[in-house]
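Peer 1: One predicted model, sequence on top.
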Amino acid sequence: MQTSLRHTIVLVSVCLGALSFAAAREASVKRNVNLRSDPSTDNPAIELIQAKSTVTLLDPAPQNGYYHVKAADGQEGWVWGKNISLGAETGGPSTRPATSPSTPTTPSAGRLGPPELYPDPVRTPGVPNPDITQGNIADNLCNKNWSTKRIRPPVGYTDPLKLQQMTEYGDAVSDPSAACMFNSDNRRCYEEDHLISLENGGHPRDPKNLWPEPYKTKVNGKVVGARQKDVVESFIHDEICFAIPGGKRNSKIPAHTSITLQRGQEILATDWYTCYVSIQGGGDCR
């Protein structure tokens, strides 16, 4: 009986070892990515892993969007899942290959546009300004005498944050001439943008409402970047203020319907590109 039990334990151990080995698959790094000591951005990066490198996946299940990996130099840590491409045998979700801003890409899950158009939803989910509510928009957002200049943070705050977030997003490809290729390290290629814009009740200073948004991202050969998002922001503003008598108007494109402050913020935080396409076709954003 004891011999049989011992054999069973040995067999189980062998099987577990095989499963552990099977989980340790290689993944390709599709863009420069920081290797971190834990699955968060709370601590400085251990090192930068270059695009086109390979890492060994130590656990097929992500944690907070990060995968536990071993780099080629033997250093273990955590990398942001969207920056690596997993093989099907890992059991983890597949990720799309890296693209340049001029390369048409497939839409990201649940969104009309490709991943390059949107910030990391963990780092930048969008945060509303608690001082602006549906009940007081006639006194601020929709008031012709109110301006976002009153609450806009100074460049002394946004410029250092922009550089920090560019590092977190893996924007480390040398680009001294500001060609603005994918993951360019040139800060002139980005606008430190409020995901939920100030004119639509976004939080002025919360880092989770700010991100380095590229100017020159392209979809099917057309530039759809920070300036195109500005068009959406103005249009959403006018829809929010549509029902306010004498309300302020920001958009050059007339709005035809009214939406709530919360709905406008949801559009900006989740899929502003769908709204952009609708506007270009003469439609509204709902």
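Peer 2: Structure received.
Peer 1: Make sure Thr257 is indeed in a strand.
Peer 2: No. Counting by DSSP: H, G, I helix; E, B strand; the rest coil, Thr257 falls outside a strand, being coil.
Peer 1: Extract the residue ranges of the stretch 1-150 of the chain that are flagged as low pLDDT.
Peer 2: By pLDDT under 70, the low-scoring segments of the stretch 1-150 of the chain are 1-24, 87-110.
Peer 1: switch to 80 and redo it
Peer 2: Applying pLDDT under 80 to the stretch 1-150 of the chain flags the ranges 1-25, 30-32, 40-44, 51, 60-65, 82-83, 85-110.
Peer 1: can you map out the strands along it?
Peer 2: Applying DSSP state E, counting those that start in this stretch to the stretch 1-150 of the chain gives strands spanning 26-29, 33-35, 47-49, 54-57, 66-70, 76-80, 84-86.
Peer 1: what do you get for the stretch 151-286 of the chain?
Peer 2: 190-194, 210-214, 218-219, 222-223.
Peer 1: still on that earlier bit, as TSV, the strands of the stretch 1-150 of the chain with mean neighbour count and distance to Gln134 would be great.
Peer 2: From N, CA and C alone the C-beta is placed, and that goes for glycine too. Listed next are the strands of the stretch 1-150 of the chain as TSV, based on neighbours: other C-beta atoms under 10 Å; distance: least, C-beta to C-beta, whole Å:
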stretch	mean neighbour count	distance to Gln134
strand 26-29	19	44
strand 33-35	23	39
strand 47-49	17	44
strand 54-57	20	46
strand 66-70	21	36
strand 76-80	22	35
strand 84-86	21	41
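Peer 1: Tabulate those (CSV), appending distance to Asp230.
Peer 2: Converted to CSV, these look like this (distance: least, C-beta to C-beta, whole Å):
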stretch, distance to Asp230
strand 26-29, 32
strand 33-35, 29
strand 47-49, 31
strand 54-57, 37
strand 66-70, 32
strand 76-80, 27
strand 84-86, 32
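Peer 1: Indicate which one of those strands is closest to Lys144.
Peer 2: Of all those, strand 76-80 sits nearest to Lys144, with 42.9 Å by C-beta to C-beta.
Peer 1: okay, the angle between that closest one and strand 66-70?
Peer 2: 140 degrees (axes from the mean of the first three to the mean of the last three C-alpha atoms, to 10 degrees).
Peer 1: mind giving me the domain split of this structure?
Peer 2: 2-90, 115-280 (automatic domain parsing).
Peer 1: mind checking which of the strands of the stretch 1-150 of the chain is nearest Asp271?
Peer 2: The nearest among the strands of the stretch 1-150 of the chain, by C-beta to C-beta, is strand 76-80 at 20.7 Å.
Peer 1: Deepest in the core, which of the domains of the chain is it.
Peer 2: Of all the domains of the chain, domain 115-280 has the most neighbours on average by mean count of other C-beta atoms under 10 Å, namely a mean of 18.
Peer 1: Can you give me the first-to-last residue distance of that domain?
Peer 2: Using C-alpha to C-alpha, to the nearest Å, the end-to-end distance of domain 115-280 comes out at 20 Å.
Peer 1: where do the helices sit along the stretch 101-250 of the chain?
Peer 2: 155-168, 226-240 (DSSP state H, counting those that start in this stretch).
Peer 1: Rebuild the domains of the chain as CSV, extending it with distance to Arg286.
Peer 2: Formatted as CSV, those follow (distance: least, C-beta to C-beta, whole Å):
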stretch, distance to Arg286
domain 2-90, 28
domain 115-280, 6
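Peer 1: rewinding a little: put together CSV for the strands of the stretch 151-286 of the chain, with mean pLDDT on each row.
Peer 2: Listed next are those as CSV, based on pLDDT from 0 to 100:
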stretch, mean pLDDT
strand 190-194, 98
strand 210-214, 97
strand 218-219, 88
strand 222-223, 92
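Peer 1: And the ones you listed: which comes nearest Arg263?
Peer 2: strand 190-194 (17.5 Å).
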